[in-house]
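> Need the 3D shape of this:
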Amino acid sequence: MPSSPKSAAAKGPSAVAPQGKPDRLDARMLEALVGYNARRAWLVVSAFFAERMAPYGLKQIDFSVLSLLAHNPGATSRQLCNALDILPPNLVSLVATLDSRGLIERRPHPHDGRAVGLHLTPAGDTLVREAEQAVVQLEADASAKLSARERETLIKLLQKMYL
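The predicted structure is shown next:
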(Lines give C-alpha, C1' and ligand atoms only; values in the text may rest on other atoms or scores of the structure.)
Protein backbone atom coordinates (compact mmCIF):
# COMPACT_ATOMS: atom_id res chain seq x y z
CA MET A 1 0.00 0.00 0.00
CA PRO A 2 1.54 3.40 -0.93
CA SER A 3 2.42 5.66 1.95
CA SER A 4 0.50 8.85 2.44
CA PRO A 5 2.27 12.21 2.19
CA LYS A 6 1.74 12.60 5.93
CA SER A 7 3.52 9.30 6.75
CA ALA A 8 6.38 10.12 4.35
CA ALA A 9 6.79 13.53 5.97
CA ALA A 10 6.87 11.89 9.40
CA LYS A 11 9.89 9.86 8.28
CA GLY A 12 11.79 13.02 7.46
CA PRO A 13 12.79 14.74 4.24
CA SER A 14 15.27 12.03 3.32
CA ALA A 15 12.47 9.47 2.96
CA VAL A 16 10.82 11.37 0.11
CA ALA A 17 12.57 10.92 -3.23
CA PRO A 18 11.72 12.27 -6.65
CA GLN A 19 10.28 9.65 -8.98
CA GLY A 20 13.02 7.55 -10.59
CA LYS A 21 15.68 8.36 -7.98
CA PRO A 22 16.62 5.99 -5.15
CA ASP A 23 15.52 6.86 -1.66
CA ARG A 24 18.18 8.26 0.65
CA LEU A 25 18.00 6.41 3.92
CA ASP A 26 18.15 8.16 7.24
CA ALA A 27 21.72 7.42 8.30
CA ARG A 28 22.01 10.06 11.04
CA MET A 29 22.65 7.41 13.71
CA LEU A 30 25.48 5.85 11.71
CA GLU A 31 26.90 9.21 10.63
CA ALA A 32 27.32 10.12 14.32
CA LEU A 33 29.71 7.16 14.81
CA VAL A 34 33.49 7.45 14.49
CA GLY A 35 33.84 3.91 13.17
CA TYR A 36 31.20 4.34 10.47
CA ASN A 37 32.76 7.58 9.23
CA ALA A 38 36.29 6.17 9.40
CA ARG A 39 35.17 3.15 7.39
CA ARG A 40 33.40 5.27 4.76
CA ALA A 41 36.48 7.48 4.37
CA TRP A 42 38.69 4.37 4.24
CA LEU A 43 36.59 2.98 1.38
CA VAL A 44 37.35 6.10 -0.66
CA VAL A 45 41.07 5.98 0.07
CA SER A 46 41.18 2.21 -0.43
CA ALA A 47 39.61 2.46 -3.88
CA PHE A 48 42.19 5.05 -4.95
CA PHE A 49 44.94 2.85 -3.48
CA ALA A 50 43.84 -0.33 -5.26
CA GLU A 51 43.63 1.46 -8.60
CA ARG A 52 46.95 3.31 -8.33
CA MET A 53 48.96 0.46 -6.80
CA ALA A 54 47.82 -2.18 -9.31
CA PRO A 55 50.72 -1.38 -11.68
CA TYR A 56 53.14 -1.99 -8.80
CA GLY A 57 51.42 -5.21 -7.72
CA LEU A 58 51.13 -3.92 -4.17
CA LYS A 59 48.41 -4.31 -1.57
CA GLN A 60 48.22 -1.93 1.38
CA ILE A 61 50.17 -4.24 3.69
CA ASP A 62 52.87 -4.85 1.06
CA PHE A 63 53.31 -1.12 0.63
CA SER A 64 53.45 -0.58 4.39
CA VAL A 65 56.16 -3.20 4.89
CA LEU A 66 58.26 -1.92 1.98
CA SER A 67 57.91 1.70 3.12
CA LEU A 68 58.94 0.81 6.67
CA LEU A 69 61.98 -1.07 5.33
CA ALA A 70 62.89 1.86 3.06
CA HIS A 71 63.01 4.12 6.11
CA ASN A 72 64.28 1.49 8.59
CA PRO A 73 66.77 -0.79 6.83
CA GLY A 74 67.45 -3.96 8.78
CA ALA A 75 64.17 -3.91 10.72
CA THR A 76 63.23 -7.29 12.12
CA SER A 77 59.99 -9.16 11.60
CA ARG A 78 59.09 -8.50 15.24
CA GLN A 79 59.54 -4.76 14.73
CA LEU A 80 57.37 -4.83 11.61
CA CYS A 81 54.64 -6.78 13.41
CA ASN A 82 54.65 -4.27 16.26
CA ALA A 83 54.62 -1.25 13.95
CA LEU A 84 51.78 -2.59 11.79
CA ASP A 85 49.87 -4.42 14.54
CA ILE A 86 49.87 -7.72 12.66
CA LEU A 87 50.48 -11.26 13.84
CA PRO A 88 53.83 -12.93 13.05
CA PRO A 89 52.29 -15.80 11.04
CA ASN A 90 50.67 -13.24 8.75
CA LEU A 91 54.00 -11.51 8.18
CA VAL A 92 55.87 -14.73 7.37
CA SER A 93 54.04 -15.34 4.10
CA LEU A 94 54.17 -11.67 3.20
CA VAL A 95 57.95 -11.56 3.67
CA ALA A 96 58.29 -14.76 1.64
CA THR A 97 56.26 -13.23 -1.20
CA LEU A 98 58.25 -9.98 -1.20
CA ASP A 99 61.47 -12.03 -1.11
CA SER A 100 60.35 -14.19 -4.04
CA ARG A 101 59.59 -11.02 -6.02
CA GLY A 102 63.17 -9.89 -5.40
CA LEU A 103 62.10 -6.83 -3.43
CA ILE A 104 63.64 -7.67 -0.05
CA GLU A 105 66.45 -9.79 1.31
CA ARG A 106 67.30 -11.22 4.69
CA ARG A 107 70.63 -10.48 6.35
CA PRO A 108 72.00 -11.36 9.77
CA HIS A 109 71.14 -8.71 12.34
CA PRO A 110 74.28 -6.79 13.42
CA HIS A 111 73.43 -6.79 17.15
CA ASP A 112 71.30 -9.88 17.69
CA GLY A 113 72.67 -13.17 16.40
CA ARG A 114 69.23 -14.78 16.64
CA ALA A 115 67.46 -12.12 14.57
CA VAL A 116 67.40 -11.47 10.86
CA GLY A 117 67.27 -7.97 9.45
CA LEU A 118 65.15 -7.27 6.40
CA HIS A 119 66.49 -5.00 3.68
CA LEU A 120 65.21 -3.72 0.37
CA THR A 121 66.98 -4.92 -2.74
CA PRO A 122 67.80 -2.28 -5.37
CA ALA A 123 64.62 -3.35 -7.20
CA GLY A 124 62.63 -3.03 -3.96
CA ASP A 125 64.10 0.40 -3.29
CA THR A 126 63.19 1.63 -6.77
CA LEU A 127 59.67 0.19 -6.51
CA VAL A 128 58.91 1.63 -3.09
CA ARG A 129 60.22 5.09 -3.99
CA GLU A 130 57.92 5.22 -7.02
CA ALA A 131 55.03 3.74 -5.04
CA GLU A 132 55.49 6.26 -2.21
CA GLN A 133 55.21 9.12 -4.70
CA ALA A 134 52.06 7.55 -6.14
CA VAL A 135 50.57 7.10 -2.64
CA VAL A 136 51.25 10.72 -1.71
CA GLN A 137 49.40 11.78 -4.87
CA LEU A 138 46.51 9.34 -4.40
CA GLU A 139 46.04 10.52 -0.82
CA ALA A 140 45.96 14.13 -2.03
CA ASP A 141 43.37 13.15 -4.63
CA ALA A 142 41.29 11.12 -2.15
CA SER A 143 41.28 13.97 0.38
CA ALA A 144 40.87 16.79 -2.15
CA LYS A 145 37.70 18.03 -0.41
CA LEU A 146 39.79 18.88 2.66
CA SER A 147 42.04 21.89 3.09
CA ALA A 148 45.66 21.17 3.99
CA ARG A 149 44.91 22.18 7.58
CA GLU A 150 41.81 19.96 7.77
CA ARG A 151 43.81 17.01 6.39
CA GLU A 152 46.55 17.56 8.97
CA THR A 153 43.95 17.79 11.76
CA LEU A 154 42.20 14.63 10.56
CA ILE A 155 45.48 12.70 10.58
CA LYS A 156 46.32 13.94 14.08
CA LEU A 157 42.87 13.04 15.39
CA LEU A 158 42.99 9.55 13.88
CA GLN A 159 46.48 8.98 15.30
CA LYS A 160 45.26 10.10 18.71
CA MET A 161 42.92 7.12 18.69
CA TYR A 162 45.65 4.51 18.20
CA LEU A 163 48.96 5.98 19.36
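
> C-alpha only now, for contacts and for neighbours.
OK.

> Look at residue 63 and say how many residues are nearby.
The number of residues packed around residue 63, counting by other CA atoms under 10 Å, is 19.

> Helix, strand or coil: sort out it for me.
helix (DSSP: H, G, I helix; E, B strand; the rest coil).

> That one and residue 49, how far apart?
From residue 63 across to residue 49, the span is 10 Å (CA to CA, to the nearest Å).

> Next up, the contacts around residue 30.
Residue 30 sits next to 36-37 when contact means CA atoms under 8 Å, 6 or more residues apart in numbering.

> Wait, residue 98 touches residue 106, no?
No - contact status for residue 98 versus residue 106: not in contact, 10.9 Å apart, counting by CA atoms under 8 Å.

> For the protein, just list every one of the helices.
5-10, 28-31, 34-53, 60-71, 77-84, 88-100, 122-142, 148-162 (DSSP state H).

> Point out the one among these that comes closest to residue 110.
helix 77-84 (14.6 Å; CA to CA).

> Tell me the buried residues in the closest one?
77, 80-81 (16 or more other CA atoms under 10 Å).

> what distance separates that helix from the centre of its chain?
Its chain's C-alpha centre and that of helix 77-84 lie 17 Å apart, by CA atoms, centre = their mean, to the nearest Å.

> residues in contact with it?
Counting by CA under 8 Å, 6+ apart, 64-65, 68, 87-88, 91, 116-118 sit against helix 77-84.

> and the angle from that helix to helix 88-100?
110 degrees (axes from the mean of the first three to the mean of the last three CA atoms, to 10 degrees).

> Alright, I will stop here.
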